[in-house]
Each structure stands twice: as structure tokens, then as C-alpha cells.
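Enquirer: Here's my sequence, what's the structure:
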Amino acid sequence: MPRSSRPGSSSRSSHGGGNSVSSSTSRGESSRGGSTRGGSRADRSRSERSRSERSRTGSRAQDDDASAPIDPSKPQWWNDQKKAERRRAEDERNSAIRDENRQKKISAGNVVNYSQKGFTDTRVGATAESVNSRDRYAQKDRGGAGASQYYDEGKDDPDDNRRSQKRQEKLNEMNADMMDMADDRIHKKTTADEELQGRSIWDLVDRGTLMVGCCLIVIVIIAIAIPVALISEDVPYVAPAEPPKPTSSPTRARSLDEEAIGERLAKITPGGLETLLDPQTAHHRAWKWLVYEDGMELGAAKDHLHQRFTLMVIYFISGPWTPVEGRLEWGSPVHECEWEGIFCKDVEELEDELEGRIEELLEVGREDGIKIDVPQRVANRLELRQRLVSGEVPAEFSLLYYLQHLDLENNKLIGALPTPLYKLFNLQTLFLEQNDLTNVDAIGEYRHLENLALSKNNFQGPVPESFKKLTKLKTLYLHTNGFTGPVFDILKDFTSMELLDIAYNKFEGTLPSEFGNMKNLTKVFMGHNNFNGVIPEELGLCKNLKQFQVDGSHDIGGPIPSFFGQLPELTFLKLDTCAFTGTLPMSLGNLEKLAFLDVNSNELGGNIPTQLGKAVSLKTLALANNDFEGVIPSELGRLTKLEKVYLQNTDLSGIMPQEVCDLRNQGNQTVLEVLIVPCDVVCEETCCTSCS
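Expert: Coordinates of the predicted model:
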């Protein structure tokens with residue numbers, strides 16, 4: 001039976017023919033598609049080679065960058081650390097890019113995929129038939145050559161599963177590699193902005209550099225702060241704004257009786273109404289100030305109108321003055337007793353002090369007949385030191401005839417004391433130091449004067465004879481002037497004297513025996529004059545004497561009196577640069593309060609008395625430039641308060657006693673700061689400070 005006539009053959013042939021046509025068509029299309037895909041593969045192959053080349057080129061560039069130092073100025077360990085950090089950042093960045101590509105592949109499916117069944121194009125627009133669909137029927141040698149058998153994918157073979165899993169892992173790696181090769185971000189070198197992104201200052205700067213920077217900042221802050229603090233400490237005092245000074249022109253109208261006030265003031269004005277009406281005088285200015293500018297708004301009947309007027313006249317004559325911070329200046333709208341430098345007492349208290357002389361004072365007034373009304377609060381004390389009061393001493397001070405204390409020290413006063421000022425017969429204290437005054441001839445008019453200071457002026461010639469009247473004087477300062485001639489002919493009867501300072505003048509003569517009558521003497525300073533002779537023994541009667549100084553008087557000599565050792569209150573004895581001879585009195589060791597002993601530059605000799613070790617309060621011992629001999633007594637080591645010892649330029653020798661050296665270090669504190677000895681004395685460097 002012919003093959004074609006077999007039952008069903010037509011159907012099979014027809015079916016087979018159909019299949020052949022279809023297969024042929026399919027193969028044609030597949031061939032065309034394969035040709036197209038073949039071209040695409042060639043293009044992709046070239047692209048992959050290009051990317052691979054770029055990758056190798058980038059890798060070589062990165063290797064070159066990796067071998068080069070990041071900062072040649074930094075040490076090798078720093079560059080290695082930075083390179084490691086850069087490599088870690090690069091790896092993290094590439095890993096993030098690969099993860100991103102895998103997520104895109106899984107979510108979109110628009111990728112080229114490798115599978116166990118071959119290369120499959122699942123991109124959008126690809127042909128429905130897989131490029132490897134013809135492999136659905138695997139060609140296997142089972143039962144004969146060319147036999148075709150359907151490949152069963154569902155067959156469960158453990159070995160096949162393991163091999164399939166390994167192939168799948170390898171294909172997944174190929175998929176990732178293909179996408180990574182196509183992603184230029186992996187081969188692109190990170191930019192400076194990307195490298196810095198997300199990194200803090202601690203990541204970018206090594207700790208050593210950061211520490212150095214912080215130290216520099218601290219140094220700059222300290223360098224600025226310390227000068228500012230020092231400058232702030234040295235800033236000179238700037239006086240506060242001075243209050244408006246009273247002027248002659250009225251600033252506001254007041255309903256006061258100008259004429260009535262003028263009549264009262266004319267009675268105490270030298271020259272009367274004529275002086276008061278003269279616009280050029282201080283009296284006129286003070287009158288107008290009281291009427292139109294004074295915040296107190298005093299009427300004509302006020303008891304302290306005269307006192308306030310007198311003070312403002314003094315101000316207008318010698319002002320304006322240097323203001324005092326925090327104090328009420330003259331002219332302030334308060335009672336004048338509140339002004340700076342003015343001290344007042346109630347008239348009853350003043351009467352008790354004057355022991356009944358207040359009646360005389362109130363009745364007589366000033367000796368020229370001018371009498372001001374005594375207020376309830378009396379300005380009995382004026383302290384105007386360092387206020388730059390200038391010109392001549394205003395005579396108007398004498399209008400305050402009840403004044404007891406007047407202090408004009410350290411101002412710019414010139415000339416002589418005006419005659420009316422001597423009418424302040426109630427004055428007890430007059431301080432005129434550090435001015436440029438030249439004449440105090442009538443000083444004796446102050447018959448109640450107890451304290452007088454005329455130091456550092458320009459007085460010349462003999463002391464005025466009127467000084468003899470000042471028998472109540474307790475303190476007298478005449479130092480640093482040009483007084484000449486004898487002085488004790490005038491002062492010898494001042495039995496109330498407590499302090500006498502006549503140093504640095506050109507006084508002559510001998511020291512009087514009348515010193516013995518000045519039993520209240522506590523301090524005597526007579527150095528740097530032209531006195532001669534010896535110190536009188538009568539001075540030993542002054543048992544209250546605390547300080548005695550007669551240095552720089554080259555013609556005073558003889559032995560140093562031993563009575564000094566019998567003055568129990570003596571703390572200061574300065575006899576240097578004179579002509580004293582003999583030995584140092586042993587009695588000086590009795591002076592338990594003696595703190596300062598200076599007999600430098602005399603003609604003293606013999607041994608240093610060991611009794612000096614009893615003068616336990618000594619702080620300064622000056623025996624230099626004399627003819628002392630022998631050894632330094634160890635008893636000086638008992639003087640635990642010693643601070644300075646001068647023994648140079650003497651004939652002392654031997655070894656410095658250890659007891660004295662121990663004074664250089666007591667309880668880790670250096671008490672004996674200066675110890676100068678002759679170079680013949682053996683002394684360790686840690687003990688003596690120098691030798692001469």
C-alpha cells in the first residue's frame with residue numbers, strides 16, 4: 001500500500017506539510033532575526049571591549065593615583081591612612097551602584113538575562129520567540145543517531161539540581177557584570193564634592209593638625225585677652241564730667257529780694273557795696289549766684305547766708321578745682337557743709353572745744369571789724385589738698401574767723417600769705433606743703449597754731465623771728481626749703497614740740513641742750529644740714545623718742561651716745577654719713593623695739609658688739625664703710641626678723657657663722673634678703689649675696 005494511501009497519511013502529510021511550511025517560515029524569520037541579533041551581538045561585543053578598555057584604563061589611573069601620595073607635605077602614615085579611607089569609600093560607592101543595578105533588573109525586567117536555557121532577551125520589544133527556543137527539544141543520543149526526544153524540564157534529578165544551581169549563580173554574576181560594565185558611574189572617578197559628601201571635619205582633618213589649630217586659636221585668644229586686661233588695669237583715671245560752674249549771668253528768675261540779700265552781703269565784703277556791684281569781682285559773681293542760681297534758694301534771713309557767700313567767693317577767686325569722684329562739689333544745691341573738703345560742727349560743740357573763747361570770737365569777729373553771722377553749723381575745717389587751687393592764697397579765708405583747720409597742701413599757690421589771713425587767730429592747723437610760697441613773715445600771728453607744715457616750698461633765708469610766738473606748736477615741718485642760719489635759737493623754747501622735721505635745709509649751729517626740755521618729742525629729723533658738734537646728752541631725757549635722724553651732717557661727730565640704749569620706744573636710728581668715732585654702744589642691744597639701725601660711712605671701729613643679738617626686732621642693720629674688725633658674731637643669728645645686713649668695706653674677717661646663714665632660709669621662706677660682707681669673710685654663695 002502506497003505510503004500516501006495509508007489511512008491518516010494525508011492528514012499526517014498535510015499536517016507535516018503544514019509544519020514544514022511553518023517551520024520553514026519560522027526558520028526564515030529566525031534566520032533573519034538571528035542575523036539581526038548577530039549584528040547586535042557584534043555591536044555589544046565592541047561596546048563591551050570598549051568599556052573593558054576604559055575599565056582597565058581607569059584601573060591603571062586609579063592604581064597610579066593610589067601609588068601617588070595624597071599630600072607630599074604629610075608623613076607616609078598619614079597618606080597611607082587617607083588612601084585606605086579613600087579605597088573604602090570607593091568600594092562602598094561601587095557596591096551601592098551594583099545593588100542599584102540589580103534592583104532595577106529585578107523590578108523592570110528590561111535587561112539582558114542569562115539562564116540555564118541560554119541567552120534570553122527579555123527587553124521590551126523583543127521577539128516572542130526566544131533566541132534559544134529551538135533548544136526546547138534537546139538533541140540527545142538516546143537509541144540512535146539523530147533521534148529526537150522531548151527534554152523534560154520537570155524531571156527531578158539531584159545532580160542536575162546542583163549543577164543547575166551553580167550555573168544559575170554563575171549566570172547571575174554574569175548578569176551583574178554585564179550591567180556593571182554598562183554603568184559608567186563605576187568607572188568614573190569620584191569628584192571632590194562626592195568625596196566630601198557626608199564627611200565631617202573630623203574625617204577630613206587628622207587629629208594632629210586639628211590639635212595644632214586649636215592650640216593656635218587658644219594662643220591668639222590669650223594674646224588678645226592679656227594686653228586688654230593689662231591695658232584696662234593701666235587706664236588712667238578720667239574725672240567725671242564737671243558739674244556746670246556758677247556763672248555771673250542769671251540762668252533763671254527767682255522771686256527773691258536781690259536788694260535785701262545784697263545789703264546783707266555788703267556788710268562783710270571788703271570795699272562794701274562798691275565791690276559787690278563791680279561785675280569783675282568774685283564777690284559780685286557769688287552774690288548773683290546766690291540770688292539766681294543757687295538751688296538752696298536762701299533768703300536774706302538765713303543764718304548761713306554769710307558762710308555760703310564767703311565759700312563761693314573763695315571758689316570764684318581760685319577755682320575751678322579738680323573734682324573728686326563721688327563727692328559733692330562746691331556749688332551743689334545742698335548745705336555747704338556737705339560740699340567736698342568742708343567739715344562742720346555745731347556751734348555748741350565748737351564752744352566746748354574753745355573752752356569759753358567762743359564768746360570772744362562771736363563778739364569781736366575779725367580784727368578789722370568785719371564780722372559774719374555765725375551759723376548753727378560752723379565750717380571749722382577746710383581740706384583742699386591736691387585740688388589745684390592756684391594763685392595767691394585768697395584773703396577771704398580770713399572771713400571765716402572761726403576756722404580751726406586749713407589744708408592747702410599740694411596746690412599751685414604762689415607768693416606770700418596775705419596779711420588778713422593772719423587774723424585767723426583761732427587757727428590750729430595750717431598745711432601749706434608742696435606749693436611755691438615765698439614769704440610767711442607774719443606767721444606768728446597764729447598764736448593758737450599747733451600744727452604747721454611749710455615743707456617743699458621756696459622759702460629762703462633765716463626763719464622769721466615771728467616763729468618765736470608759736471610756742472603751742474606740736475608738729476613743725478620745714479624740710480626741703482632754702483632756710484639758712486641758726487634755728488634752735490628760735491625753737492629751743494617749744495616745749496610742746498612732738499615732731500620736728502627741719503631736714504634738707506642749710507641750717508647751721510650746734511644741737512641745743514634745750515632738747516631736754518622737749519620731753520614730748522617722738523620724732524626728730526635734722527639730716528642734711530650744716531650742723532656741727534655732738535649730740536647733747538640731754539636728748540636722753542626724751543623717753544618718748546621713737547625716731548631720730550641726723551644723717552648727712554658731716555660736722556657732727558664724737559662718740560655715739562650710749563643713752564640711745566636707754567630710750568625704750570626707739571625704733572629708728574639713722575646716723576650715717578657723719579663723723580662719729582669710737583665703738584658701737586653695747587647698750588643698743590637693750591632696744592627691743594629697734595627695727596632700723598644705720599651708722600654707715602662713719603669712723604667707727606672695734607668689734608661688733610655681741611649684745612646686738614638682743615635687739616630682736618631689727619630688720620635693717622647697716623654698719624658698712626667703717627673700721628669694724630674681728631669676726632661677725634654668731635649672736636646675730638638670733639635676729640630672726642633681719643631682712644637686710646650691710647657689712648661691706650670694713651675690716652671684718654673669719655668665717656660667716658652658720659647661725660647667720662640659717663637666716664637666709666627659714667621655713668622655706670627667705671627672710672634675710674640682703675647679706676653683703678667684706679670679701680675677706682669666708683661665706684658660701686648660698687649664704688652671702690655679695691662681697692665688697
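Enquirer: what kind of secondary structure is Met497 in?
Expert: coil (DSSP: H, G, I helix; E, B strand; the rest coil).
Enquirer: Now do the same contact list for the residue nearest to it when sequence neighbours are not counted.
Expert: Spatial nearest neighbour of Met497, excluding adjacent residues (Cβ to Cβ, 6 or more residues apart in numbering): Met518 at 4.9 Å. All C-beta atoms are positioned from the backbone trio N, CA, C, and that covers glycine. By Cβ atoms under 8 Å, 6 or more residues apart in numbering, the residues touching Met518 are Phe494, Thr495, Met497, Leu500, Cys542.
Enquirer: Tell me where the model's unsure across the stretch 401-550 of the chain.
Expert: Nowhere does the stretch 401-550 of the chain drop to pLDDT under 70.
Enquirer: the strands in it, which residues?
Expert: Counting by DSSP state E, counting those that start in this stretch, the stretch 401-550 of the chain has strands at residues 405-407, 412-416, 429-431, 436-439, 451-453, 460-461, 475-477, 482-486, 499-501, 506-510, 523-525, 530-533, 547-549.
Enquirer: which strand in the chain runs the most residues?
Expert: strand 377-383 (DSSP state E).
Enquirer: Mind listing residues that contact that one?
Expert: By Cβ under 8 Å, 6+ apart, strand 377-383 touches 304, 307, 311, 335-337, 341-347, 350, 397, 400, 402-407.
Enquirer: just stretch 643-657 next, same as before
Expert: Contacts of stretch 643-657 (Cβ under 8 Å, 6+ apart): 600, 608, 619-634, 636-637, 660, 671-678, 680-684, 687-688, 690-692.
Enquirer: Just the ones of the contacts of strand 377-383 in helices?
Expert: In this view, the contacts of strand 377-383 that belong to helices under DSSP state H are Gln307, Leu311, Val347, Leu350.
Enquirer: Export those as CSV, with columns for distance to Val220.
Expert: Formatted as CSV, these follow (distance: Cβ to Cβ, whole Å):
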residue, distance to Val220
Gln307, 62
Leu311, 57
Val347, 67
Leu350, 66
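Enquirer: Save the residues you listed as JSON lines, and put in neighbour count and distance to Arg86 too.
Expert: Output for these, formatted as JSON lines (neighbours: other Cβ atoms under 10 Å; distance: Cβ to Cβ, whole Å):
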{"residue": "Gln307", "neighbour count": "26", "distance to Arg86": "93"}
{"residue": "Leu311", "neighbour count": "23", "distance to Arg86": "89"}
{"residue": "Val347", "neighbour count": "17", "distance to Arg86": "98"}
{"residue": "Leu350", "neighbour count": "20", "distance to Arg86": "97"}
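Enquirer: nearest to Glu538, of the residues you listed?
Expert: Leu350 (39.3 Å; Cβ to Cβ).
Enquirer: now that closest one: how far from Asn435?
Expert: 28 Å (Cβ to Cβ, to the nearest Å).
Enquirer: same deal with Glu274?
Expert: Counting by Cβ to Cβ, the gap from Glu274 to Asn435 is 32 Å.
Enquirer: So between those two, which is more surrounded?
Expert: Looking at Glu274 and Asn435 with other Cβ atoms under 10 Å, you find the greater number of neighbours at Asn435, namely 22 against 10.
Enquirer: wait, that one sits on Asn411?
Expert: Yes: using Cβ atoms under 8 Å, Asn435 is in contact with Asn411, at 5.7 Å.
Enquirer: Now do the contacts for the residue lying closest to Leu427 once chain neighbours are set aside.
Expert: Distances taken as Cβ to Cβ, 6+ apart place Tyr446 nearest to Leu427, at 5.0 Å, with adjacent residues excluded. By Cβ under 8 Å, 6+ apart, Tyr446 lies in contact with Tyr422, Leu424, Phe425, Leu427, Leu430, Leu452, Leu470.
Enquirer: Most neighbours among these, which one is it?
Expert: Leu427 (26 neighbours).
Enquirer: From Pro418, how far out is it?
Expert: Counting by Cβ to Cβ - Leu427 and Pro418 are separated by 14 Å.
Enquirer: re earlier: and the two most separated of the contacts of Tyr446?
Expert: Comparing all pairs in these by Cβ to Cβ, the longest separation belongs to Phe425 and Leu452, at 14.5 Å.
Enquirer: Look at Pro559 and say how many residues are nearby.
Expert: 14.
Enquirer: let me redo that: Asp680
Expert: Neighbours around Asp680, by other Cβ under 10 Å: 11.
Enquirer: The nearest residue to it once chain neighbours are set aside: what secondary structure?
Expert: Leaving aside its sequence neighbours, Asp680 sits nearest to Ser653 (Cβ to Cβ, 6+ apart; 4.4 Å). Classification of Ser653 using three-state DSSP returns strand.
Enquirer: Spatially nearest residue to Leu449, not counting backbone neighbours?
Expert: Of all residues not flanking Leu449 in the chain, Leu470 sits nearest, at 5.5 Å (Cβ to Cβ, 6+ apart).
Enquirer: contacting residues around that neighbour?
Expert: Residues near Leu470 by Cβ under 8 Å, 6+ apart: Ile443, Gly444, Tyr446, Arg447, Leu449, Leu452, Phe494.
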